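>>> turn this into a structure:
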Amino acid sequence: MSHHRAVRVLAIDDQAANLRLIDAVLSPRGYDVVVCPSGAEGLARLAEDDLVDVVLLDVLMPGLDGYEVCRRIRSEPATEFLPVVMITASGEQQRARALEAGADDFVTKPFDQSELLARIASLARIKRFHDTIGRQAAELAAWNQELTARVEEQLGELERVGRLRRFLSPQVAELVMADEGLLLSHRREIVVVFFDLRNFTPFAETSEPEEVTQVLGEFHAAIGRLIHDHEGTLERFTGDGAMVFFNDPVPCSDSADRAVATALAANRTVRELAEGWRRRGFDLALGTGIAQGYATLGRIGFEDRFDYAAIGSVTNLAARLVAAAEPWQVLTTDRVLDSLVRPVADHEPLGKITPKGFAHGVHVNDISAAELPGSRPAFEESPQRPA
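Coordinates of the predicted model:
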């Protein structure tokens, strides 16, 4: 009930004189009086008018009497708490039946005007409190619903970020979160790096599963950090290997440099790990292949599981190079070296080879020496090549 509107009283009585008297008492005091000459009409009015605050109900009426009308009011969820004042004779039996029917209060005929006004004012105040509680409960339910929706939205956002960060560096994941259109299928030139642990198969066959798991965990953690540092896109770990590519989904002007820098840093880092593995009796090394070319990129999978993948001959070429690499070799093609913004200082041309499944040969170089102790820096600082 609004504080700004008059209290609406629905008076139901088959005696027109009584209705006129009620109206004469209440209306001058600011009440909004609505009258109905029968119980049926009173119920019909309540069904269409949700602004009634108090019902004044005569007990003895033809058709539906006051008891039945009161019971029906109580049976409807919309009016079950609506205050009802029964107008009774003086008999105690009528009062008892009125209370049993659900009346909140009663006045006896002939009613005292002051008593009637006091009872209506009291019940109207209770109705106002009830309406306030109902409104606040509805607001609280709406806030809860909104909060639940926000939490679900945030959880969905976190889940999406988590999925993206499985194959993207945190920096790139943030960019993709702002524009997921970057993940739609498209064609782009990329630089692919394949890593593979050498001698892993005999190591896995002769070692306990816990030892294998620990070594892979150390290897994946080291490679993963380097991929993030150079903002590469991890397509997948393949047990003892990993595939990463650069220049997608977010393009960069120095993708070849990032790929080579990642590969050389990985060679150095895994060498350090290999020293520890060797002391534990494990003879493992790293081989790396780098290739550049066009691929089709985008999300693959199904609703419950998506991955971001590169499909094209460039991934096959990188895989062939890593398969051909000796321990600690970093094999790459002339195309990668030609694309470097900062030319790599040391590289050993290995000649032209024709990888399995390819019709034409490619010139291959080993650039691993650029990071060996005592060698020159991996990259010459000048001259700068245009991007």
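>>> for the stretch 51-200 of the chain, give me the ranges with low pLDDT.
For the stretch 51-200 of the chain, the stretches with pLDDT under 70 are 90, 165-172, 175.
>>> quick one: the helices in it?
Ranges of helices in the stretch 51-200 of the chain, per DSSP state H, counting those that start in this stretch, are 66-75, 92-101, 113-165, 170-178, 200-206.
>>> which one of the ones you listed lies closest to Leu43?
helix 66-75 (5.9 Å; C-beta to C-beta). No exception for glycine: its C-beta is placed from N, CA and C like everyone else's.
>>> that older thread, what about the helices of the stretch 51-200 of the chain, which gets the closest to Asp229?
The nearest among those, by C-beta to C-beta, is helix 170-178 at 9.9 Å.
>>> burial measure for Gln15, as a count.
14 (other C-beta atoms under 10 Å).
>>> same question for the one 3 residues further on.
Applying other C-beta under 10 Å, we find 18 residues neighbouring Asn18.
>>> what about the closest residue to it other than its chain neighbours, distance to Asn144?
Nearest non-adjacent residue to Asn18, counting by C-beta to C-beta, 6 or more residues apart in numbering: Asp58, 6.8 Å away. Separation of Asp58 from Asn144 (C-beta to C-beta, to the nearest Å): 43 Å.
>>> which one's more surrounded, the two?
Per other C-beta under 10 Å, whichever of Asp58 and Asn144 has more neighbours is Asp58, with 23 against 10.
>>> in contact with Gln15, which residues are there?
For Gln15, the contacting residues are Asp58, by C-beta atoms under 8 Å, 6 or more residues apart in numbering.
>>> ah, wrong one, I meant Ile311
Neighbours of Ile311 in contact, by C-beta under 8 Å, 6+ apart: Ala295, Thr296, Leu297.
>>> what of Ile126?
If you count contacts by C-beta under 8 Å, 6+ apart, Ile126 has them with Pro83.
>>> what about it, distance to Val85?
Separation of Ile126 from Val85 (C-beta to C-beta) stands at 12 Å.
>>> which residues do these two both contact?
The contact sets of Ile126 and Val85 do not overlap (C-beta under 8 Å, 6+ apart).
>>> center of this structure - which residue?
Geometric centre of the chain, nearest residue: Gly156, 1.2 Å, by C-alpha atoms, centre = their mean.
>>> I'd like the distance between that one and Arg163.
Distance from Gly156 to Arg163, by C-beta to C-beta: 11 Å.
>>> what of Val85?
64 Å.
>>> which one's more surrounded, these two?
Remark: of Val85 and Arg163, Val85 carries more neighbours, 23 against 16, as counted by other C-beta under 10 Å.
>>> touching, the more buried one and Ala121? I think so.
No. Under the contact definition of C-beta atoms under 8 Å, Val85 does not touch Ala121, with a separation of 11.3 Å.
>>> buried residues in the host helix or strand of Leu350?
Using DSSP states H and E, Leu350 falls within strand 348-353. Residues of strand 348-353 classed as buried under the neighbour-count rule (16 or more other C-beta atoms under 10 Å) are Ile353.
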